[in-house]
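**Student:** Generate a structure from the sequence data that follows.
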Amino acid sequence: MSYRVWAPSSTLCSVSLPTFFQLMTMRALKFLMGAALLTSLAACGGKTSESASASSESHGDMMSESHDQMMADGEKGHDHMHDHDHMDDMSMMHDTIFTGAFQKAEHETKGAFEIHKHGDKTMLHLSEDFATNPGAPDLYVAIGAAANPIADKELPYPLAEGEYVTVAELTSATGAQAYDLPADIDLSEDNSVIIWCKQFNATMSYAPLEAAQ
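**Tutor:** Okay, the predicted model is just below:
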């Protein structure tokens with residue numbers, strides 16, 4: 001079987017049915033390929049735009065993070081300089097006048113102390129490694145009237161009235177701490193720092209004052 005179709009030259013020609021379908025199929029395939037190519041190009045263009053936008057946003061975020069980090073580093077540097085200056089000021093403001101190391105009385109006690117002049121104030125500083133009996137109640141810091149407040153005494157080494165001046169309740173059984181000493185107290189190497197249990201009038205430990213070199 002055959003059909004008569006119009007050729008591009010406007011002349012009639014006879015084409016067999018299989019050939020006709022082949023021509024139509026090829027044209028349809030070309031059309032579909034062209035459409036697919038356009039769709040692919042459009043999709044690529046959209047992805048490229050999205051990628052460029054994402055890259056721009058990422059770059060902006062990185063710049064913002066970098067700026068924030070620089071600001072934070074600058075603030076840390078300023079704080080560090082401020083702390084350093086503060087330490088220098090503290091060093092210039094005080095002089096160490098007495099030192100000493102704690103000795104066992106009723107209980108083993110570790111650590112040492114320093115007594116500083118801070119302008120018009122006199123302050124007692126216990127060292128970082130200070131440690132006394134954590135189970136003892138009602139502990140106080142006191143200044144003894146003698147370098148050895150437990151001499152000629154027996155356990156628990158009680159203190160008599162007039163043999164000490166109470167400074168303050170002990171802040172902690174361990175670690176560094178500081179106390180203001182009474183303004184009218186007269187210190188010398190004849191005195192001592194005492195860790196004292198007020199409830200049972202027991203001397204935990206003491207440290208004779210030694211003039212700072």
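**Student:** what's residue 177 in contact with, if anything?
**Tutor:** Going by Cβ atoms under 8 Å, 6 or more residues apart in numbering, residue 177 touches 125-126, 130, 170-171. Any C-beta I mention is one placed from the backbone N, CA and C, and that applies to glycine too.
**Student:** for this protein, what are the low-confidence residue spans?
**Tutor:** Per-residue confidence for the chain (pLDDT under 70) gives these ranges: 1-32, 34-94.
**Student:** what's the domain layout of this protein?
**Tutor:** The record's domain parsing of the chain by automatic domain parsing lists 2-88, 102-211.
**Student:** now, which of the contacts of residue 177 lie within strands?
**Tutor:** Judged by DSSP state E, strands contain the following of the contacts of residue 177: 125-126.
**Student:** Show me the two of the contacts of residue 177 that sit farthest apart.
**Tutor:** Using Cβ to Cβ, the contacts of residue 177 span at most 13.7 Å, a distance reached by 125 and 170.
**Student:** Looking at the two, which is more packed in?
**Tutor:** A side-by-side neighbour count of residue 125 and residue 170, using other Cβ atoms under 10 Å, places residue 170 first with 22 against 17.
**Student:** got the contact list for the spatially closest residue to the more buried one that is not a sequence neighbour?
**Tutor:** In space, and not counting its chain neighbours, residue 170 is closest to residue 139: 4.0 Å by Cβ to Cβ, 6 or more residues apart in numbering. Each residue near residue 139 by Cβ under 8 Å, 6+ apart is listed here: 132-133, 169-170, 173, 195-198, 204.
**Student:** likewise residue 121?
**Tutor:** Counting by Cβ under 8 Å, 6+ apart, residue 121 has contacts 180-181, 183.
**Student:** cool, residue 145 as well?
**Tutor:** 162-165, 190-191.
**Student:** Would you list the buried entries among those residues?
**Tutor:** Buried members of the contacts of residue 145, scored by 16 or more other Cβ atoms under 10 Å, are 164, 191.
**Student:** ok, the contacts of residue 145 vs residue 100, which is closest?
**Tutor:** residue 191 (9.6 Å).
**Student:** Verify the stated contact: that closest one with residue 143.
**Tutor:** Yes: counting by Cβ atoms under 8 Å, residue 143 is a contact partner of residue 191 at 5.7 Å.
**Student:** Please indicate which of the contacts of residue 121 are buried?
**Tutor:** residue 181.
**Student:** Just send the contacts of residue 121 back as JSON lines, with distance to residue 108 and secondary structure too.
**Tutor:** JSON lines is the format used below for the contacts of residue 121 (distance: Cβ to Cβ, whole Å; DSSP: H, G, I helix; E, B strand; the rest coil):
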{"residue": "180", "distance to residue 108": "27", "secondary structure": "strand"}
{"residue": "181", "distance to residue 108": "25", "secondary structure": "coil"}
{"residue": "183", "distance to residue 108": "33", "secondary structure": "coil"}
